[in-house]
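**Q** Pasting the sequence and the predicted model now:
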Amino acid sequence: AQSVTQLDSQVPVFEEAPVELRCNYSSSVSVYLFWYVQYPNQGLQLLLKYLSGSTLVKGINGFEAEFNKSQTSFHLRKPSVHISDTAEYFCAVYTGGGNKLTFGTGTQLKVEL
Amino acid sequence: GAGVSQTPSNKVTEKGKYVELRCDPISGHTALYWYRQSLGQGPEFLIYFQGTGAADDSGLPNDRFFAVRPEGSVSTLKIQRTERGDSAVYLCASSPTSGITEAFFGQGTRLTVV
């Protein structure tokens, strides 16, 4: 069975600073990886996804993530955050069985002035 | 509609009551998914429909939970004899094919059992 670990439950950062949100997964088979963002009282919005090909994936709102198979990681990065990036971020994995996503517990990104 | 629509957005019910949560997927999407998000947790899979049939209901926690999609479009999640532990945000998603990789999520229904 696959699992997803987001080690940081909260990440405070100042506006215009860079940020990295960590995600590690465990799976014995090939995976597809996703990052979703959830703004307060809203549903999940897809930021980016890795299905195959280039390990560096660019998404919306200036976010990017890098798939590292040897380290089983898919960390999310942004070089300069904005107040509007304050939200909960979820990493998820899909291994092709059962057509379901397995989510991490989320990281709350709080951008401060 | 432009996206996945879920109604109601909020539902407060008393312990022991029956509730129905509705999901209107994006038009033309054949696959539909229900997830449950408890406080402080990531979403957890409940059930997946392909067309009218439940292709995978392995995530339903017990027989108090049931979901239908009679015409292959709108889906209803039904919870009988609600318990306080059922309080959560219930998320619906749909995708144009059977691939979860192309899924779009709705805004969810916040269920509170008092």
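**A** Sure thing, it's come through. Residues are numbered from 1 along each chain as shown, chains lettered A, B, ... in the order given.
**Q** In chain A, which residue sits closest to chain B?
**A** For chain A, the residue closest to chain B is A:Phe103, as judged by CB to the nearest CB, at 3.2 Å. C-beta here means a position set from N, CA and C on the backbone, and glycine is covered the same way.
**Q** Look at that residue and say how many residues are nearby.
**A** By other CB atoms under 10 Å in any protein chain shown, 22 other residues sit near A:Phe103.
**Q** Residue of chain B nearest chain A, please.
**A** Chain A sits closest to B:Gly42 of chain B, with a gap of 3.2 Å, by CB to the nearest CB.
**Q** The closest residue to that residue other than its chain neighbours and B:Thr101, how far apart?
**A** Excluding its sequence neighbours, the residue lying closest to B:Gly42 (CB to CB, 6 or more residues apart in numbering or on different chains) is A:Phe103, at 3.2 Å. For A:Phe103, the distance to B:Thr101 equals 14 Å [CB to CB, to the nearest Å].
**Q** Spatially central residue for the chain, please.
**A** Looking at chain A here, since you left the chain open. The centre of chain A sits closest to A:Trp35, judged by CA atoms, centre = their mean, with a distance of 3.5 Å.
**Q** that answer is for a different chain, and I need it for chain B
**A** When CA atoms, centre = their mean is applied to chain B, the residue found nearest the centroid is B:Trp34 (3.5 Å).
**Q** what's the pLDDT at it?
**A** pLDDT recorded at B:Trp34 is 97.
**Q** Surely it is in contact with B:Leu77?
**A** Yes. The pair B:Trp34 / B:Leu77 is scored as a contact, 5.5 Å apart, by CB atoms under 8 Å.
**Q** Quick one: the strands in chain B, in order.
**A** For chain B, the strands defined by DSSP state E occupy B:5-7, B:10-13, B:19-24, B:31-37, B:44-50, B:53-56, B:65-68, B:75-79, B:88-95, B:104-105, B:109-113.
**Q** how about the CA coordinates for the fourth one, as CSV?
**A** Pointing back at strand B:31-37 there. What follows is strand B:31-37, C-alpha atoms only, in CSV (Å, rounded to 0.1, in the frame of the first residue of the first chain):
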residue,chain,number,x,y,z
ALA,B,31,-16.3,9.2,-13.4
LEU,B,32,-17.3,10.6,-10.0
TYR,B,33,-15.5,10.2,-6.6
TRP,B,34,-16.5,10.9,-3.0
TYR,B,35,-13.8,11.8,-0.4
ARG,B,36,-14.1,12.6,3.3
GLN,B,37,-11.9,15.2,5.0
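**Q** Now tell me what touches it from outside.
**A** By CB atoms under 8 Å, 6 or more residues apart in numbering or on different chains, the residues outside strand B:31-37 that reach it are A:99-100, B:23, B:25, B:43-50, B:67, B:69, B:75, B:77, B:88-100, B:103, B:105, B:108.
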